[in-house]
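S.K.: sequence-free structure coming up:
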Ligand SMILES: [Fe+2]
């Protein structure tokens, strides 16, 4: 007897590692530090004990390179999902600098198709994992008696962040970042992307 599992409504995290990260990351780290020193208060959002920039990197020419990469990655994902040809992609991006002891509360992003983060600098695994919570709300009523979690039974999934890797996921997928227990800042660029009709 063959039993065939067929996943329905999957939740996906897409990731890509940039080959030139060793060149790209020091430039982005320097820009991040400069932005923080120009605006030490930053913006209060999901970041606990950390610094967050305003959502304006998409308007700053010094971030053109990473802005383009965010759009290219999301465009490729959109193509793989059969998004309409006459749609284009719009985004907002911001910096997060999470010193030792900082974390990001669990949250999701409304009004966007994709959200994501690109990690510029961190010390893994002590910098804390990015974690995702099962979006199938009704499934939380009953825990499965699994010895070891599988993609179907897991209630939460942790991924170790990696320098130079971009993570993209649906904006509705709840996520957070654990406390940074390393002795080094965890630095990343977060973003929201919306597919909109070409004008
Ligand atoms: Fe987020």
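M.R.: Noted; the coordinates are in hand. Model, not experiment: these values are computed from the prediction.
S.K.: what's the least confident helix or strand in the chain by mean pLDDT packed up against?
M.R.: When the helices and strands of the chain are compared on mean pLDDT, DSSP states H and E, strand 47-48 comes out lowest with a mean of 81. Applying 3 or more Cβ pairs under 8 Å, 6 or more residues apart in numbering; DSSP states H and E, we find strand 47-48 packed against strand 103-107. For glycine as for every other residue, the C-beta is placed from the backbone atoms N, C-alpha and C.
S.K.: C-terminal to the strand it packs on, what's the next element?
M.R.: strand 114-121 (DSSP states H and E).
S.K.: how far out from the middle of the chain is the helix or strand following that next one?
M.R.: Next in sequence after strand 114-121, counting helices and strands by DSSP H and E, comes strand 130-133. Distance of strand 130-133 from its chain centroid, counting by Cα atoms, centre = their mean, to the nearest Å, is 10 Å.
S.K.: so what are the sheet partners of the least confident helix or strand of the chain and their directions?
M.R.: strand 103-107 (antiparallel) (DSSP bridges).
S.K.: what comes up buried for the strand it pairs with?
M.R.: Neighbour counts over strand 103-107 (16 or more other Cβ atoms under 10 Å) mark 103-104 as buried.
S.K.: now do stretch 151-166
M.R.: Neighbour counts over stretch 151-166 (16+ other Cβ under 10 Å) mark 157, 161, 163-166 as buried.
S.K.: out of the residues you listed, which sit inside strands?
M.R.: 157, 165-166 (DSSP state E).
S.K.: rebuild these as CSV, extending it with distance to residue 176 and pLDDT.
M.R.: CSV is the format used below for these (distance: Cβ to Cβ, whole Å; pLDDT from 0 to 100):
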residue, distance to residue 176, pLDDT
157, 12, 97
165, 18, 98
166, 18, 98
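S.K.: picking that back up, want to throw the buried residues of stretch 151-166 into JSON lines with distance to residue 54?
M.R.: Below are the buried residues of stretch 151-166 laid out as JSON lines (distance: Cβ to Cβ, whole Å):
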{"residue": "157", "distance to residue 54": "30"}
{"residue": "161", "distance to residue 54": "23"}
{"residue": "163", "distance to residue 54": "24"}
{"residue": "164", "distance to residue 54": "25"}
{"residue": "165", "distance to residue 54": "25"}
{"residue": "166", "distance to residue 54": "21"}
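S.K.: which of those lies closest to residue 101?
M.R.: residue 161 (16.6 Å; Cβ to Cβ).
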